[in-house]
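Student: quick one, fold the following:
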Amino acid sequence: MIYDYLKGQLVRVRPQTITIDVNGVGYLVHMANPFQLSNNLNEECLIFIHHALREDDESLYGFVDEESRRLFELLLSVSGIGAKSALAILASEHVAGFVEAVESENQKFLTKFPGVGKKTAAQIILDLKGKLTLPEKAQEVNKGNEALERANEALRSLGYSVREIEAIQARLEKEAMSGAETELLLKMAFKLLLDR
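Tutor: Model (predicted):
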């Protein structure tokens, strides 16, 4: 039996799993970041599913969007990558970096991920280069990082010290992740630096 998604009440969130009640049946679903759903507890939610069926085990893996599921399934297709390693990569805040590393053949960066050694990193590049797209959430993070980096570069070129820039990073990061563009980040940076 193949599951595409589960739609039901989210009744439990644990460090590695969630439980969804669908018409009185509680499905245990493994996820990369279960706590991202904490605000949806006791509410109806829709989770995309990968159904893993092996001789000794049957497991459900859940994702908030189809792009994340596709990335997970592509990772599983690589020799040496199991479900645990694939989930660890998806759980990382460096998903954008992972995709970039595959495209630029950066084996060293890939070995930072749990369960990925040199041999597996080479296999990932061989199997997945040109096939990966970022999940929507990771695209937003990546876009925010780019705006933030441009703002930081501008501040450095204007003569602000690393220490001054680091002192306001937390605020700028928060705004960047909320979608603020470089220009707005710079305005905020100037205000924060003047107020210090």
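Student: okay, now the unreliable bits of this protein?
Tutor: Where the chain drops to pLDDT under 70, the residues are 1, 93-94, 133-145, 177-178, 196.
Student: mind listing the strands for it?
Tutor: Secondary structure of the chain (DSSP state E): strands at 5-13, 17-22, 25-31, 44-54, 57-63.
Student: mean neighbour count and distance to residue 151 added to the ones you listed, as CSV?
Tutor: Every residue, glycine included, has its C-beta placed from N, CA and C. Shown next, in CSV, are the strands of the chain (neighbours: other CB atoms under 10 Å; distance: least, CB to CB, whole Å):
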stretch, mean neighbour count, distance to residue 151
strand 5-13, 16, 35
strand 17-22, 18, 36
strand 25-31, 17, 33
strand 44-54, 15, 35
strand 57-63, 18, 32
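Student: in a markdown table: those strands, plus distance to residue 92.
Tutor: Shown next, in a markdown table, are those (distance: least, CB to CB, whole Å):
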| stretch | distance to residue 92 |
| --- | --- |
| strand 5-13 | 19 |
| strand 17-22 | 18 |
| strand 25-31 | 14 |
| strand 44-54 | 18 |
| strand 57-63 | 15 |
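Student: residues touching the residue lying closest to residue 119 once chain neighbours are set aside, list them.
Tutor: Once flanking residues are discounted, residue 119 sits nearest to residue 80: 6.8 Å by CB to CB, 6 or more residues apart in numbering. Listed by CB atoms under 8 Å, 6 or more residues apart in numbering, the contact partners of residue 80 are 117, 119-120, 123.
Student: break the chain into its domains for me.
Tutor: Following automatic domain parsing, the chain resolves into domains at 5-63, 66-134, 137-195.
Student: pick the most deeply packed of those.
Tutor: Among the domains of the chain, domain 66-134 has the highest mean neighbour count (mean count of other CB atoms under 10 Å), at a mean of 17.
Student: just to revisit the earlier point, out of the strands of the chain, which is closest to residue 84?
Tutor: If you check each of these against residue 84 by CB to CB, strand 25-31 wins as the nearest, at 9.1 Å.
Student: now for the closest one, which elements pack on it?
Tutor: With contacts taken as 3 or more CB pairs under 8 Å, 6 or more residues apart in numbering; DSSP states H and E, strand 25-31 sits against strand 5-13, strand 17-22, strand 44-54, strand 57-63, helix 83-91.
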